[in-house]
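Enquirer: coordinates for the following, if possible.
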Amino acid sequence: MEYKDLIRKKIGRIADRLLTVLFSICILIIVFILFQVTTFTTFHIPSDSMYPALQAGDNVLVNKWIMGARIFNIWDALEDKEVKIHRLLGVGKIKRNDVLVFNFPYPAKKDSLAMDVMLYYVKRCIALPGDTLEIRNGFYRIRGTGEELGNMAAQRRISALTENDSRGVVMESFPWSKRLGWTIKEFGPLPVPAKGQVVSLDSISILFYQHIIRYEQKKELSLRDKLIYLGDSLIREYRFRENYYFVSGDNMENSRDSRYWGLLPESYIVGKATRIWKSKDPADGHIRWDRVFKKIE
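Expert: Below you'll find the model as predicted:
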């Protein structure tokens, strides 16, 4: 009898320890998921569109604290349903030249915004909400500042391109209007909307903002006899509901960025890429130790 009691006690102690271990593992998994959702996540760099700051094979840490982590129904997003995105309280603000990770806003077609929760891009922030952006002879300019923006070496290369010798680079740019004739060398001025900002709408400004107004209103926008209609309502101005950004790749000859597709909604931004935590050469699989824990600038 005493022997059986000892066996039962021993089995009970083993069961208690197993339950404690399983409980601890569950807690760690929950903490890890919460950490990924609210604080930091990681992103693999698949291409050289941000070269030389980032290279294919880099894995970066993405800080969600700055803007505040996004909260939304992931299952609806995976099923391509419309999702309402909320943010936790952030501790800072995005600045020009920050490197951002975001959901690509035009996964289906270039005239309709939609969030593909599985499709992420990484680009450098060039213009903030409320800025007025220009590109002159290939160089980014923000009115009222003398700040150097983006990869200056790449902008010098763009500056040297001509229409007859574009070396395979697509020169025509957003908003793809022959009337404006904007290119990646001569672009703008483009006022980048801030939340609450009111803009007058005409046959020119509607070219800049038609896609994001449709995105915000979920209504058809049309131009009839030089007048703007939202659904069946005539509108002459519009107040934006969200902040927008202009982003660019550092490897500007090989970058699908705002020069081609337009403005990035703030709600699509995951966070700021801060450090490379691992880097593996895609050619041979070797770790690039000189890039490990390198700060992204």
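
Enquirer: need the pLDDT of the residue nearest the centre of the chain.
Expert: With distances taken as C-alpha atoms, centre = their mean, the residue of the chain nearest its centroid is Phe102 (2.4 Å). On pLDDT, Phe102 comes in at 96.

Enquirer: which stretches of the protein have low pLDDT?
Expert: By pLDDT under 70, the low-scoring segments of the chain are 1-6, 9, 12, 29-39, 108-111.

Enquirer: tell me the strands beside the host helix or strand of the residue nearest to the centre of the chain, with direction?
Expert: In the assignment (DSSP states H and E), Phe102 maps to strand 99-103. Strand pairing for strand 99-103, using DSSP bridges, gives strand 120-127 (antiparallel), strand 269-279 (antiparallel).

Enquirer: now for the very next helix or strand once past the last one, which elements pack on it?
Expert: Taking DSSP H and E as the definition, the helix or strand that follows strand 269-279 towards the C-terminus is strand 294-295. Counting contacts by 3 or more C-beta pairs under 8 Å, 6 or more residues apart in numbering; DSSP states H and E, strand 294-295 packs against strand 269-279. To be clear about C-beta, it is placed using only N, CA and C from the backbone, and glycine gets the same treatment.

Enquirer: go through the strand it packs on and flag the buried ones.
Expert: By neighbour count on 16 or more other C-beta atoms under 10 Å, the buried set for strand 269-279 is Ile269, Val270, Gly271, Lys272, Ala273, Thr274, Ile276, Lys278, Ser279.

Enquirer: how far out from the middle of the chain is that strand?
Expert: Chain-centre distance of strand 269-279: 12 Å, with C-alpha atoms, centre = their mean, to the nearest Å.

Enquirer: also stretch 135-149?
Expert: Chain-centre distance of stretch 135-149: 21 Å, with C-alpha atoms, centre = their mean.

Enquirer: next one: stretch 64-77
Expert: For stretch 64-77, the distance to the chain centre is 13 Å (C-alpha atoms, centre = their mean).

Enquirer: with stretch 234-254 instead?
Expert: Centroid separation between stretch 234-254 and its chain, computed with C-alpha atoms, centre = their mean, is 12 Å.

Enquirer: ends of that stretch, how far apart?
Expert: Using C-alpha to C-alpha, to the nearest Å, one end of stretch 234-254 lies 40 Å from the other.

Enquirer: equivalent analysis for stretch 277-291, please.
Expert: Taking C-alpha to C-alpha, the first and last residues of stretch 277-291 lie 8 Å apart.

Enquirer: stretch 282-290 now?
Expert: Terminal residues of stretch 282-290 are spaced 15 Å apart (C-alpha to C-alpha).

Enquirer: contact partners of that stretch?
Expert: Gln55, Ala56, Gly57, Lys278, Ser279, Lys280, Asp281 (C-beta atoms under 8 Å, 6 or more residues apart in numbering).

Enquirer: again, 6 Å this time
Expert: Residues outside stretch 282-290 that contact it (C-beta atoms under 6 Å, 6 or more residues apart in numbering): Ala56, Gly57, Ser279, Lys280, Asp281.

Enquirer: can you put those residues in a markdown table and add distance to Tyr120?
Expert: Listed next are the contacts of stretch 282-290 as a markdown table, based on distance: C-beta to C-beta, whole Å:
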| residue | distance to Tyr120 |
| --- | --- |
| Ala56 | 15 |
| Gly57 | 16 |
| Ser279 | 18 |
| Lys280 | 18 |
| Asp281 | 22 |
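
Enquirer: tell me which of these is nearest to Val292?
Expert: Comparing the contacts of stretch 282-290 against Val292 with C-beta to C-beta places Ser279 closest, at 6.0 Å.

Enquirer: what's near enough to touch the closest one?
Expert: Neighbour list for Ser279: Gly57, Asp58, Arg288, Arg291 [criterion: C-beta under 6 Å, 6+ apart].

Enquirer: so what pairs up with it in the strands?
Expert: Following DSSP bridges, Ser279 is listed with bridge partners Asp58.

Enquirer: coming back round to it: Asp225 is nearest to which of the strands paired with strand 99-103?
Expert: In terms of C-beta to C-beta, the element of the strands paired with strand 99-103 nearest to Asp225 is strand 120-127, at 32.7 Å.
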